[in-house]
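Novice: when you get a sec, could you give me coordinates for this:
(chains A and B)
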Amino acid sequence: MFFSFFSKYLGDFVTQGFVQEKVVSALHGALSDAKAKGQLKIESWPILTLDAPKRPEWGDLATTVAMALAASEKRAPHDIAQIIADNLSTRDQLFERVEIVRPGFLNLTVKPAVWLEVLREIERQGAVFGTSSLGVGKRVLVEYVSANPTGPLHVGHGRGAAVGQALARLLKAVGYDVVSEYYINDAGRQMKLLGASVFARVQELAGKAVTFPEEGYHGVYIREVAERIQQSEGAQLAALAPDEMEQRCRDLAYQSLLQLIREDLAAFGIEFESWFSEASLLASGAVERAFADLQQQDLLFESEGALWFRSSKFGDEKDRVVRKQDGECTYLASDIAYHRDKLQRGYDLLIDVWGADHHGYIPRMQAVMQAYGHPKERLQVVLVQLVKLLRGGEEVKMSKRSGEFITMREVLDEVGADAAKFFFLMRDSKTHLDFDLELAKQRSADNPVYYVQYAHARISSLWRVAAARGIVCPPAADTDLTVLTDPDELGLIRKLSAYPEILEASAVAFEPHRLTYYLQQLAAQLHTFYNKHRVLPPAADQEPQESGEAPVAEEISPKVTIARLVLMRAVQQVVKNGLGVLGISAPEQM
RNA sequence: GCGCCCGUAGCUCAGUCGGAUAGAGCAUCAGCCUUCUAAGCUGAGGGUCGCUGGUUCGAUUCCAGCCGGGCGCACCA
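Specialist: All right, here's what the predicted structure looks like:
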C-alpha cells in the first residue's frame, strides 16, 4: 500500500548502498586526483564496480578498476592499483585498510564506524530503505496473467501472477511509475467455444441429447457453470432460440469465470489497477485504426485472400496474417491494436509476462513496436516457465486431455499465498520450477518461506520479551553502536548495506528471484547470529547454570543489548521491506 | 531443418556487463545440544561449471562449433 507514496520520497532517498556510495565517491576522488597530478591519463572513465570479496581477509569491498584501466593506461595493473591506493590513503577517515593483491585487486576495508552508520540510515528511512530514484519520471505498464476467462487459473498462472506482481513492485521500488494490467481475451474463438461448451452442458441438464463441440472445454467447471446457469435462469433460457441461448450462455459463463479469476487472484493477494478488454478494442474500432496506421506506412498487404502485417521488415522471420481469408481477424490483430493502445497511453516501457511457450511471439510483437515508431526494446517480455508440482518428491500428475489440472486455488488452499509466492519467486522465472507442496506447507526451517518469515517473527519476539522486561530500545541516533565489533555483527551490517543494490539489480534485470535469494541469505545470517549471540540478558529469575559443562553464556552489558537491539531492528526492517516487494507478509509471530 | 531457453556438488538451484581458492539449501557423514529469545548447533566430504576450440594477463561468464533436454516455427489462443 505504501508503495503508491514512494515517488514523493524518492528525491530524498537515493540509496545506492550507503557505504558503497561513499566508497565509490572516494575511488572517484582518488582517480581524479591521480589524473590531476598526471599520474594517470584516464581518457575514458571506467565504471566503478564494487564486489563483496569471497573471503573475509580480502576486506569488505573490492574493486577491479586498476585491472580495467591497465590496457588504456598501458601500465601494469599493480602500479595503477598502487597509485589509486596512494591517493585513497588521504581519505583515511573512510578506510581502515587498503590492500593491493596479485594482479591488481584493490581490497578495501572500511572503518567499522562507517558501517555502523548503515544502521542509522536504515532506521531513518524505514520502509523506503532500499528504494531508489533510478526510474523516476518513467512510466511502465506491466501486463501479466491475462489468462483467458474460459476456466479457473492453474498453477502456471500462479507463477506468472507472482512474477508479475513482484516485477511491478520491484520497479516501483526503484522509482518507476508502474501500472499493472490484466488483458482479458473476451473476444473471438475461445469465447465462442466457451459458449458452445456451456450451452451443450445446459442442454444436457435439460435432458436433450447434444453433441459436445469439437475442441470444446471439457473441464468439470464447465458443468458447474452450466448448473448454476440452469438453476438461476433455466426457464428464461428455455424460451430463447438456440443461438440466442448459446449467446446467453457465453455471456453468463464469461462473467462467472472472470469473477472466479478475480476471486482467485484476490485470494492470492494480487490486485490489478487496470483490466483491459479485448472486446472493447474491437467494439471501439481500435483494430481498424491500428490497421489504418500500418496501411499508411505500407506495412499491410493482401495476399491469398488474407491481410498480412509486414513484420519481416523489422526482423521477424516472416510476415504474419492479421485477417484471415474468412474475414475474421487473428489474435495478432487484437494484440497489435492492444499494444498500440498501450503505446498511445504514453508508457516508456511495456512489460509483458508470458508463458515461455509463447517465446516465438516476441519478434512479431517487437516488430509492432517498431511499426509504430518505437525501439523494439520498449517492449520487454518476461518469460515464465512451467511449474512441476511435487508432493514429497513425487510428481503430481495432471492430465490436460480430460481438462483436469491443478488449479492455482488448490495450491493456495493447501500451502497459503505467502508460501506459494515465495516458491514461485525462488527461481529464475525462465527456468522450470519444482514446487514441492509438502515442503511449502511445512512449518519448519527446512521450508525457505518459513525460514525467512521466521527471521522477522523472531525479532518481533525479542520486542515482546524486551517489553516484558522493561527494556526499551532508543533510536539508533542516540545509541552508542561502537560496541558492535563482532565479525557476525559487522557481517550482518554489510549484508544489510547490500540490500539497495540487490533491489536495483533485481529490478533492472526483471529478475525477482535475486531478491528472494538475498532474503534467504540474510535470514540465514540472522539465525546464525541469533543462535550464537545473546541480545537480551538472561532473565533474572533463572540465573546461573551450574558451573562446569554449560557453555559459558556470553556476557552481555546493557550497552551491548541496546546496540544489538538496534541491529536487530534494522535486520527486521530490511526483511520486511524485501518481503513486501515480493508481496509476501512479514508476520510478527508464526 | 531453423530459432529461443536451459545444462554448475548425489538432488533442487544461486552466481556470468570477464576477475582471486566456483557458492547455498536439501541429502550423506561426524560430533555436540535437548538450552533458551521460538521450530537446534558446529564441522566434513562431495565439482574436468555439458564437450571442444577461440579471444584475453585472466573464461563458469564473451565468441564459434558440437552434445543433451525443453519450447517454438498456423489464415490456433
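Novice: what about the closest residue to RNA strand B within the stretch 451-590 of chain A, which helix or strand?
Specialist: In the stretch 451-590 of chain A, no residue comes nearer to RNA strand B than residue A:461, which is 2.8 Å away by C-beta to the nearest atom of the strand. To be clear about C-beta, it is placed using only N, CA and C from the backbone, and glycine gets the same treatment. In the assignment (DSSP states H and E), residue A:461 maps to helix A:448-468.
Novice: now that helix - C-alpha only, CSV.
Specialist: Extracted in CSV, the C-alpha atoms of helix A:448-468 (Å, rounded to 0.1, in the frame of the first residue of the first chain):
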residue,chain,number,x,y,z
PRO,A,448,12.6,-21.4,2.9
VAL,A,449,9.5,-19.3,3.3
TYR,A,450,9.2,-20.0,7.0
TYR,A,451,12.9,-19.6,7.4
VAL,A,452,12.7,-16.0,6.1
GLN,A,453,9.5,-15.1,7.7
TYR,A,454,10.7,-16.6,10.9
ALA,A,455,13.7,-14.3,10.9
HIS,A,456,11.2,-11.5,11.1
ALA,A,457,9.0,-13.1,13.7
ARG,A,458,11.9,-14.0,15.8
ILE,A,459,12.9,-10.4,16.1
SER,A,460,9.4,-9.4,16.9
SER,A,461,9.6,-11.9,19.7
LEU,A,462,12.5,-10.0,21.0
TRP,A,463,10.5,-6.9,21.3
ARG,A,464,7.8,-8.7,23.2
VAL,A,465,10.3,-10.2,25.6
ALA,A,466,12.2,-6.9,25.9
ALA,A,467,9.0,-5.1,26.7
ALA,A,468,8.0,-7.6,29.3
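Novice: which outside residues touch it?
Specialist: For helix A:448-468, contacts defined as C-beta atoms under 8 Å, 6 or more residues apart in numbering pick out A:418-419, A:422-423, A:426, A:440, A:442-445, A:472-473, A:519-520, A:522-524, A:526-527, A:530, A:535-536, A:565, A:568-569, A:571-572, A:575-576, A:579, A:584-590.
Novice: need the three-state assignment for residue A:584.
Specialist: What DSSP: H, G, I helix; E, B strand; the rest coil gives for residue A:584 is coil.
Novice: number of nearby residues for the nearest residue to it once chain neighbours are set aside?
Specialist: Ranked by C-beta to C-beta, 6 or more residues apart in numbering and with sequence neighbours excluded, the top spatial neighbour of residue A:584 is residue A:418, at 4.8 Å. Each residue near residue A:418 was counted by other C-beta atoms under 10 Å, and the total is 21.
Novice: confirm residue A:418 sits in a strand?
Specialist: No: using three-state DSSP, the assignment for residue A:418 is helix, not a strand.
Novice: roughly how far out does the helix or strand following the helix holding residue A:461 sit from the chain middle?
Specialist: Scanning forward in sequence from helix A:448-468 by DSSP H and E, the next helix or strand is helix A:487-508. Chain-centre distance of helix A:487-508: 17 Å, with C-alpha atoms, centre = their mean, to the nearest Å.
Novice: wait, residue A:249 sits on residue A:203?
Specialist: No: counting by C-beta atoms under 8 Å, residue A:249 sits too far from residue A:203 to count as a contact (9.4 Å).
Novice: of those two, who's got more company?
Specialist: residue A:249 (26 against 21).
Novice: could you check how far that one is from residue A:243?
Specialist: From residue A:249 over to residue A:243 the distance is 10 Å, taken as C-beta to C-beta, to the nearest Å.
Novice: next one: residue A:488
Specialist: Using C-beta to C-beta, residue A:488 is found at 73 Å from residue A:243.
Novice: between the two, tell me which one has more neighbours.
Specialist: residue A:488 (16 against 10).
Novice: please name the nearest non-neighbouring residue to the more buried one.
Specialist: Among residues not flanking residue A:488 along the chain, residue A:529 sits closest, at 4.9 Å (C-beta to C-beta, 6+ apart).
Novice: do the same with residue A:162
Specialist: residue A:424 (3.7 Å).
Novice: for RNA strand B, what are the nearby residues on the stretch 51-200 of chain A?
Specialist: A:51, A:53-55, A:58, A:62, A:64, A:67-68, A:70-71, A:77, A:101-105, A:107, A:148, A:185, A:188-190 (C-beta under 7 Å from any atom of the strand).
Novice: what about residue A:389, how many neighbours?
Specialist: Look at residue A:389: counted by other C-beta under 10 Å, it has 21 neighbours.
Novice: list the beta-bridge partners for it.
Specialist: residue A:435 (DSSP bridges).
Novice: next, the contact list for it, please.
Specialist: Listed by C-beta under 8 Å, 6+ apart, the contact partners of residue A:389 are A:155, A:395-396, A:398, A:406, A:411, A:435, A:437.
Novice: pLDDT at it, what is it?
Specialist: pLDDT recorded at residue A:389 is 91.
Novice: mind checking how far it is from RNA strand B?
Specialist: According to C-beta to the nearest atom of the strand, to the nearest Å, residue A:389 and RNA strand B sit 12 Å apart.
Novice: what's the average pLDDT for the helix or strand containing the residue nearest to residue A:488?
Specialist: Using DSSP H and E, residue A:529 maps to helix A:513-532. Helix A:513-532 shows a mean pLDDT of 93.
Novice: the inter-axis angle of that helix versus helix A:448-468?
Specialist: Helix A:513-532 runs at 50 degrees relative to helix A:448-468, counting by axes from the mean of the first three to the mean of the last three C-alpha atoms, to 10 degrees.
Novice: is any residue of helix A:513-532 near RNA strand B?
Specialist: Yes: judged by C-beta under 7 Å from any atom of the strand, helix A:513-532 comes into contact with RNA strand B at A:513-514, A:517, A:520-521, A:524, A:527-528, A:530-532.
Novice: list the contacts for residue A:56?
Specialist: Contacts of residue A:56 by C-beta under 8 Å, 6+ apart are residue A:487.
Novice: check whether residue A:141 sits in a helix, strand or coil.
Specialist: Residue A:141 - assigned by three-state DSSP - is strand.
Novice: leaving out the residues flanking it, which one is nearest to it?
Specialist: residue A:347 (4.6 Å).
Novice: surely the one you found is in contact with residue A:139?
Specialist: Yes: between residue A:347 and residue A:139 there is a contact at 5.0 Å, judged by C-beta under 8 Å.
Novice: tell me which of these two has more neighbours.
Specialist: Legend: neighbour count by other C-beta under 10 Å for residue A:347 and residue A:139, higher for residue A:347 (19 against 14).
Novice: for whatever residue of chain A ends up closest to RNA strand B, grab the count of nearby residues.
Specialist: Residue of chain A nearest RNA strand B, by C-beta to the nearest atom of the strand: residue A:360 (2.3 Å). Neighbourhood size, residue A:360 [other C-beta under 10 Å]: 9.
Novice: quick check: the most centrally placed residue in chain A vs residue A:328, distance?
Specialist: When C-alpha atoms, centre = their mean is applied to chain A, the residue found nearest the centroid is residue A:166 (2.9 Å). To residue A:328, residue A:166 is 37 Å away according to C-beta to C-beta.
Novice: next: residue A:322.
Specialist: 10 Å.
Novice: look at those two and report which has more neighbours.
Specialist: Ranked by neighbour count (other C-beta under 10 Å), residue A:322 and residue A:328 place residue A:322 first, with 24 against 10.
Novice: now the nearest residue to that one once chain neighbours are set aside: which helix or strand?
Specialist: The shortest distance from residue A:322 to any non-neighbouring residue, by C-beta to C-beta, 6+ apart, is to residue A:333 (4.4 Å). According to DSSP H and E, residue A:333 maps onto helix A:331-344.
Novice: keeping just the C-alphas, turn that helix into CSV.
Specialist: Once non-C-alpha atoms are left out, helix A:331-344 reads as follows in CSV (Å, rounded to 0.1, in the frame of the first residue of the first chain):
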residue,chain,number,x,y,z
TYR,A,331,-5.5,-12.7,-32.3
LEU,A,332,-2.4,-10.9,-33.6
ALA,A,333,-4.8,-8.2,-34.9
SER,A,334,-6.1,-7.5,-31.4
ASP,A,335,-2.6,-7.7,-30.0
ILE,A,336,-1.4,-5.1,-32.4
ALA,A,337,-4.3,-2.8,-31.5
TYR,A,338,-3.8,-3.5,-27.8
HIS,A,339,-0.1,-2.7,-27.8
ARG,A,340,-0.7,0.3,-30.0
ASP,A,341,-3.1,1.4,-27.3
LYS,A,342,-0.5,0.9,-24.6
LEU,A,343,2.0,3.0,-26.6
GLN,A,344,-0.6,5.7,-27.0
